[in-house]
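A.B. asks: Following is a predicted model, sequence given first.
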Amino acid sequence: MRVKHIYRKEERLKSNRVIKTLFSSARNFLVHPFKVNWQLRKDNGRYPARVLISVSKKHFRKASERNHMKRLIREAYRINKYILYEFLEEKGVQCDFSIIYIAKEAEVYSEVEKKIIKLLNRLISELELHLHQNNPTS
């Protein structure tokens, strides 16, 4: 199967209602320099994962700096999201998650990409653990 590295508008998390529930009742973990909040999704969408990417205004005062970091994170996610998609499609589940950049200094793309891959693998292990706890027979 040939993987298409496309990040569509429908894969972005935009609904205020969903974002509020994501931050209020979701599970979270830290893979420095990223904080991740995640929750399983009940509705069936076209894409197995929706993501919200955020960079702190506190540490990056200029909008151009924040946008640059978001661009790097989005690109690293776009290239490597197949890792998560394969797992979600295999298990037949969907999830929403946020990636929040919490470091005070900007990083180069190669470091961001390594951390995104690590983050996606950690998310898969968290999802596996959650699915196993809620359905121990499988």
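C.D. replies: The structure has been received and is ready for your questions. Since we're looking at a predicted model, the values are computed, not measured. Numbering: from 1, shown residues only.

A.B. asks: ok, and the closest non-adjacent residue to E75?
C.D. replies: Nearest residue to E75, sequence neighbours excluded (C-beta to C-beta, 6 or more residues apart in numbering): Y109, at 7.2 Å. Bear in mind the C-beta positions are built from the backbone N, C-alpha and C, glycine included.

A.B. asks: Need the per-residue pLDDT for the one you found.
C.D. replies: We have a pLDDT of 96 for Y109.

A.B. asks: Next: M69.
C.D. replies: M69 is given a pLDDT of 97.

A.B. asks: I100 is in contact with that one, correct?
C.D. replies: No: M69 lies out of contact with I100 (C-beta atoms under 8 Å); the separation is 11.0 Å.

A.B. asks: higher neighbour count, these two?
C.D. replies: Of the pair M69 and I100, M69 is the one with more neighbours under other C-beta atoms under 10 Å, namely 21 against 18.

A.B. asks: Tell me the gap between the helix or strand in which that one is found and the middle of its chain.
C.D. replies: M69 belongs to helix 63-80 when assigned by DSSP states H and E. Centroid displacement of helix 63-80 relative to its chain, using C-alpha atoms, centre = their mean, to the nearest Å, is 12 Å.

A.B. asks: Stretch 104-111 now?
C.D. replies: That offset, for stretch 104-111, works out to 17 Å (C-alpha atoms, centre = their mean).

A.B. asks: returning to what we had before: gap between the residue nearest to E75 and A76?
C.D. replies: 7 Å (C-beta to C-beta, to the nearest Å).

A.B. asks: the more surrounded of these two?
C.D. replies: A76 (22 against 12).

A.B. asks: and the longest helix seen in the chain with helix 63-80, angle?
C.D. replies: Using DSSP state H, we find that the single longest helix of the chain is helix 109-134. Relative orientation of helix 109-134 and helix 63-80, computed by axes from the mean of the first three to the mean of the last three C-alpha atoms, to 10 degrees: 60 degrees.
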